[in-house]
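>>> Below is the sequence, then the predicted model.
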Amino acid sequence: MLKRGIIICISLLSAHCLKAQQYGLFNTKTLFDGFENPAQKTFTLDSSRKFASNFLLPYFGVNAASKGNSDFIRKAINENKTDNSLLPMGQKGNNTVAQNTNVYLFNLKIFNSYKYQKELGFSWQLRTDAHLNYTNETLDLLNNYRSLIAQPPASSAFDNDGYVQSYHQFSVSYRENYTKKLAFGVKLSILSGTTYNKLDITDSELKDIAGVTNIAFNGSYRGTFTKGKEISYNTFMPSFRNPGASISLGTSYNAKSGVFIMANLKDLGFIRWNSKSYSKDINALIPLTGSETNKEMKNRIADAITLTPDTNSFYSLTNAKADFMLSKSFGFYTPGIIVSKNLFYQGGDAAFVNKFKYENFSVTAVPTYNFNNLFFMGLQGMYQTPNFEVFLGSDDLFKTVSQAQGYFNKDATTGKGYNGAAVYFGLAIKVGNFVEHPLNSSTMPGLGDEPTSLFKKFFSIFSKKR
């Protein structure tokens with residue numbers, strides 16, 4: 001069970017190569033679309049009510065993918081067996097694990113004014129990003145280190161790097177029409193970090209010293225904990241002991257031809273981890289006599305990485321990205337092209353969105369190419385009226401189905417290629433007065449108070465005075 005736990009942890013708790021975006025929800029006027037793409041509308045004049053929220057109902061997305069050692073990991077997860085013969089040596093750089101979670105614990109959008117189509121939003125999210133690059137020799141070291149003593153691998157065989165970061169995100173968003181066709185939006189966020197761990201092993205090898213095999217490795221470690229017992233329920237509560245901030249900017253344009261264009265800069269920010277956080281420069285030499293148990297050997301390695309660290313504050317970046325969408329409707333069918341690129345870390349996506357709509361129902365197929373040479377096939381179903389929405393989808397449908405089948409049937413032969421799973425779900429409701437056109441209502445929000453455009457005021461500082 002311990003071995004299986006190690007593999008599951010590697011597979012699920014380690015992503016900057018992958019970022020769940022739920023591309024099928026882009027340009028849908030859902031709450032998700034309005035908060036993730038700040039310039040997007042959430043309300044429809046003469047149809048929607050004034051307040052939109054998930055009212056603490058589920059609104060989340062989570063995914064994970066593992067590239068490399070697919071058969072080994074599939075067998076470990078599905079059958080609780082580790083087969084080291086499935087680990088070819090010398091595969092450095094080919095193994096990547098990624099995971100991402102984005103949960104809206106609460107969100108609220110308010111229709112603020114008819115003129116300029118102003119919308120004000122508030123949200124509380126819980127987010128996790130993780131990534132791991134690892135070698136086959138590292139898995140062999142954790143599961144059967146004696147085989148490595150008999151046949152020492154080449155230098156750098158245990159070079160690994162990865163991180164996991166989780167935090168709360170409290171946001172205020174605002175959007176408005178700059179003209180009838182052009183819109184701008186902004187999302188300002190305060191962050192509260194919960195956990196962070198980053199390990200980077202840059203130089204490693206097995207050395208024979210006086211007839212004894214030693215594992216030598218150098219690198220660095222940063223984290224908010226060194227042992228699991230330091231983590232408690234309170235760790236994941238927002239406290240602002242680890243404060244941060246981020247900003248998202250968006251714009252959209254609807255051309256006369258019907259072409260829709262959208263561009264965003266998302267989650268550009270940082271977190272400052274407090275002065276009780278840990279950091280350590282690693283320079284370790286650990287003898288492996290062959291008499292230790294695997295557990296004893298793992299404890300020695302863990303102590304070399306985390307024992308007697310320095311305590312100080314440090315900064316980490318959020319996984320910011322830039323994306324662009326081009327779309328046009330043809331009756332019941334709306335195709336779209338999306339390109340998204342991580343700014344600070346490797347990775348990105350190119351997606352082709354295919355939305356088919358009939359009355360209030362829609363089905364969206366989204367083939368996606370990930371820049372780390374992974375191909376996903378997403379599928380989404382949605383029921384949406386002006387005042388209610390519910391959707392269920394997967395960014396990686398086929399892998400999700402095969403992964404679930406293999407796990408529940410305890411069958412490692414189910415599925416081929418990389419391992420992966422992804423699912424997202426949301427439900428939101430609009431309440432309050434209708435956001436009617438001024439000609440239809442004498443109580444229209446914003447009517448008669450001569451509202452001005454926030455973005456027109458901002459851009460006026462760059463124009464010449466008359």
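Cool, got the structure.
>>> residue ranges with poor pLDDT in this structure?
Along the chain, segments meeting pLDDT under 70 span 1-20, 89-94, 228-230, 232-233, 437-466.
>>> Tell me the buried residues in stretch 298-311?
Of the residues in stretch 298-311, Lys298, Arg300, Ile301, Ala304, Ile305, Thr306, Pro309 count as buried by neighbour count, 16 or more other CB atoms under 10 Å. C-betas here are computed from N, CA, C, even on glycine.
>>> Sorry, slip of the keys, the one I care about is stretch 415-430.
415, 418-424, 426-430.
>>> Kindly report the same for stretch 399-409.
For stretch 399-409, a neighbour-count test (16+ other CB under 10 Å) marks Lys399, Thr400, Ser402, Gln403, Gly406, Tyr407 as buried.
>>> And for stretch 153-162?
Buried, per 16+ other CB under 10 Å, within stretch 153-162: Pro153, Ala157, Phe158, Asp159, Asn160, Gly162.
>>> is it true that Met325 touches Thr251?
No - with contact defined as CB atoms under 8 Å, Met325 does not count as touching Thr251 (11.0 Å).
>>> list the residues that contact both of those two?
Contact criterion CB atoms under 8 Å, 6 or more residues apart in numbering; residues shared by Met325 and Thr251: Met262, Ala263.
>>> hmm, back to that, so which of the buried residues of stretch 153-162 is the closest to Gln22?
Gln22 lies nearest to Gly162 out of the buried residues of stretch 153-162, by CB to CB, at 24.3 Å.
>>> What's opposite the residue lying closest to Gln169 once chain neighbours are set aside in the beta bridge?
Nearest non-adjacent residue to Gln169, counting by CB to CB, 6 or more residues apart in numbering: Gln125, 4.2 Å away. Per DSSP bridges, the residues bridged to Gln125 are Tyr104, Gln169.
>>> how about Gln125, what does it touch?
Residues in contact with Gln125 (CB under 8 Å, 6+ apart) are Asn102, Val103, Tyr104, Leu105, His168, Gln169, Ser171.
>>> of all the residues you listed, which two lie farthest apart?
Most distant of the contacts of Gln125, by CB to CB, are Val103 and Ser171, 13.4 Å apart.
>>> Which residue of these two possesses the greater neighbour count?
Ser171 (21 against 15; other CB atoms under 10 Å).
>>> just the helices in the stretch 51-200 of the chain please.
For the stretch 51-200 of the chain, the helices defined by DSSP state H, counting those that start in this stretch cover 70-79, 136-150.
>>> Including distance to Met262 and mean neighbour count, could the ones you listed go into TSV?
Listed next are those as TSV, based on distance: least, CB to CB, whole Å; neighbours: other CB atoms under 10 Å:
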stretch	distance to Met262	mean neighbour count
helix 70-79	35	21
helix 136-150	41	18
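>>> Nearest approach to Tyr369 belongs to which of these?
Using CB to CB, the helices of the stretch 51-200 of the chain put helix 70-79 closest to Tyr369, at 18.5 Å.
>>> Which strands and helices lie in contact with that closest one?
With contacts taken as 3 or more CB pairs under 8 Å, 6 or more residues apart in numbering; DSSP states H and E, helix 70-79 sits against helix 2-12, helix 397-409, strand 419-434.
>>> Walk me through which strands the helix or strand hosting Lys207 pairs with, and which way each runs.
Under the criterion of DSSP states H and E, Lys207 resides in strand 182-209. Using DSSP bridges, strand 182-209 pairs in its sheet with strand 161-177 (antiparallel), strand 212-223 (antiparallel), strand 243-254 (antiparallel).
>>> how far does it sit from the chain's center?
In this view, strand 182-209 has its centroid 12 Å away from the chain centroid, taken as CA atoms, centre = their mean, to the nearest Å.
>>> same question, stretch 298-316
Worked out by CA atoms, centre = their mean, stretch 298-316 lies 26 Å from the chain centre.
>>> could I have that stretch exported to PDB, CA atoms only?
Extracted C-alpha coordinates of stretch 298-316, given in PDB (Å, rounded to 0.1, in the frame of the first residue of the first chain):
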ATOM      1  CA  LYS A 298      13.800   6.900   2.200                       C
ATOM      2  CA  ASN A 299      14.000   8.400   5.700                       C
ATOM      3  CA  ARG A 300      17.800   9.100   5.200                       C
ATOM      4  CA  ILE A 301      17.100  10.900   1.900                       C
ATOM      5  CA  ALA A 302      14.200  12.900   3.400                       C
ATOM      6  CA  ASP A 303      16.400  14.000   6.300                       C
ATOM      7  CA  ALA A 304      19.200  15.100   3.900                       C
ATOM      8  CA  ILE A 305      16.700  17.300   2.100                       C
ATOM      9  CA  THR A 306      14.600  18.700   5.000                       C
ATOM     10  CA  LEU A 307      16.700  18.300   8.200                       C
ATOM     11  CA  THR A 308      18.000  21.500   9.900                       C
ATOM     12  CA  PRO A 309      16.800  24.000   7.200                       C
ATOM     13  CA  ASP A 310      17.100  27.800   7.400                       C
ATOM     14  CA  THR A 311      13.900  29.700   8.200                       C
ATOM     15  CA  ASN A 312      13.200  32.800   6.100                       C
ATOM     16  CA  SER A 313      10.600  34.400   3.900                       C
ATOM     17  CA  PHE A 314      10.600  34.000   0.100                       C
ATOM     18  CA  TYR A 315       8.500  34.900  -2.900                       C
ATOM     19  CA  SER A 316       6.900  32.600  -5.500                       C
END
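>>> Go ahead and name everything in contact with that stretch.
141-142, 163, 165, 193, 196, 198-199, 215, 217, 221-223, 226-227, 270-280, 282, 284, 286, 292.
>>> Is there a quick ChimeraX command that grabs whichever of those residues are buried?
Buried subset of those, written as a ChimeraX selection, criterion 16+ other CB under 10 Å:
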select :141,142,163,165,193,196,198,199,215,217,221,222,223,226,271,272,273,274,277,278,279,280,282,284,292
